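Enquirer: sequence-free structure coming up:
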Ligand SMILES: NC(=O)c1ccc[n+]([C@@H]2O[C@H](COP(=O)([O-])OP(=O)(O)OC[C@H]3O[C@@H](n4cnc5c(N)ncnc54)[C@H](OP(=O)(O)O)[C@@H]3O)[C@@H](O)[C@H]2O)c1
């Protein structure tokens, strides 16, 4: 890193976001840390050094995001915004409560839309905005429930944003495979190619420093799923149906 970067991480209190905060602080970045739980963010910020800023918010609440943006404007232009906040509730579509489903859509998809509107004016010209999809958004798999549908939406939104902001903001898509966090600890199936949050954080930093639009990892999981997505339905659907048996 040539000059000191200022990086806003949303979803920093836990899991991949907290690991990313530790990894970027170790590289000398100044961080703005956001999530709903202020206390956990304060403990994290204190463990990282003295000059990081905690801005609690709820991405599904537009007003809390606009208040956060007012605070962040005072900090100065940002070099990167990394939006990782999301909710997850595993199970079959038939078993998910409608209220939980609405909360997941609101946090994951509408939340990403809010960030897509609120973040660009806070970035310097040429700054980077990364939204987080998932390999779960590539193709509808059994147990994917509405979480995967929101991630398919985030992928689509990020593709549109990449085209719309080209030339001013470097828009990126992060597509993790399975990472061992509070989110996936609720899965009752064996997760192939499971990564630690620290390994995921290093893959994200390397990808965001490089030039490709999509930062996807680990490749041993993401490439087969990309292949599944590229197949015609007559070939792909019998394969995914077998996963329910
Ligand atoms: N873990 C995986 O295997 C995996 C795989 C593919 C994609 N991903 C994606 O990677 C990202 C990070 O996941 P993770 O596994 O690190 O999850 P996690 O451990 O559950 O962390 C999620 C973070 O988002 C914050 N958050 C949740 N709802 C929020 C809201 N409404 N407003 C603001 N912050 C909110 C949480 O903090 P508070 O609860 O304090 O708000 C927490 O800091 C997510 O986008 C997830 O979909 C994860």
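Expert: In hand now; what should we look at? Small disclaimer: the values here were computed from a predicted structure and weren't measured.

Enquirer: please name the nearest non-neighbouring residue to residue 172.
Expert: residue 130 (4.2 Å; C-beta to C-beta, 6 or more residues apart in numbering). Backbone N, C-alpha and C define where each C-beta goes, glycine included.

Enquirer: look at that neighbour and tell me its secondary structure.
Expert: strand (DSSP: H, G, I helix; E, B strand; the rest coil).

Enquirer: hang on, it packs against residue 213?
Expert: No: in this structure, residue 130 is not within contact of residue 213 by C-beta atoms under 8 Å, at 10.2 Å.

Enquirer: comparing these two, which residue is more hemmed in?
Expert: residue 130 (21 against 12; other C-beta atoms under 10 Å).

Enquirer: tell me the buried residues in the helix or strand hosting residue 65?
Expert: For residue 65, the enclosing helix or strand under DSSP states H and E is helix 62-75. For helix 62-75, burial by neighbour count (16 or more other C-beta atoms under 10 Å) applies to 64-65, 68-69, 72.

Enquirer: could you list every helix and strand that it packs against?
Expert: The contact analysis (3 or more C-beta pairs under 8 Å, 6 or more residues apart in numbering; DSSP states H and E) places helix 62-75 against strand 30-34, helix 111-118.

Enquirer: show me what whichever helix or strand comes after the first one is packed up against.
Expert: Just to be clear, that refers to strand 30-34. Next helix or strand after strand 30-34 toward the C-terminus (DSSP H and E): helix 38-48. Contacts defined by 3+ C-beta pairs under 8 Å, 6+ apart place helix 38-48 against helix 15-26, strand 30-34, strand 53-54.

Enquirer: from residue 204, how far off is the residue in the chain that the ligand sits nearest to?
Expert: At 2.3 Å from the ligand, residue 15 is the closest residue in the chain, using C-beta to the nearest ligand atom. Distance, residue 15 to residue 204, by C-beta to C-beta, to the nearest Å: 12 Å.

Enquirer: which stretches in the protein count as strands?
Expert: With DSSP state E as the criterion, the chain has strands at 6-10, 30-34, 53-54, 78-83, 123-132, 170-176, 214-217.

Enquirer: now mean pLDDT and distance to residue 141 too, for the ones you listed, in CSV please.
Expert: Formatted as CSV, the strands of the chain follow (pLDDT from 0 to 100; distance: least, C-beta to C-beta, whole Å):
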stretch, mean pLDDT, distance to residue 141
strand 6-10, 98, 26
strand 30-34, 98, 30
strand 53-54, 98, 36
strand 78-83, 98, 24
strand 123-132, 98, 18
strand 170-176, 98, 14
strand 214-217, 98, 16
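
Enquirer: got CSV for these, with distance to the ligand too?
Expert: Below are the strands of the chain laid out as CSV (distance: least, C-beta to the nearest ligand atom, whole Å):
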stretch, distance to the ligand
strand 6-10, 6
strand 30-34, 6
strand 53-54, 11
strand 78-83, 8
strand 123-132, 4
strand 170-176, 4
strand 214-217, 10
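
Enquirer: nearest to residue 146, out of the ones you listed?
Expert: Proximity to residue 146 (C-beta to C-beta) singles out strand 123-132 among the strands of the chain, at 16.3 Å.

Enquirer: packing partners of the closest one?
Expert: strand 78-83, helix 111-118, helix 145-164, strand 170-176, helix 197-209.

Enquirer: now the angle from the fourth one to helix 145-164?
Expert: Put plainly, it is strand 170-176. Orientation check (axes from the mean of the first three to the mean of the last three C-alpha atoms, to 10 degrees): strand 170-176 against helix 145-164 gives 160 degrees.
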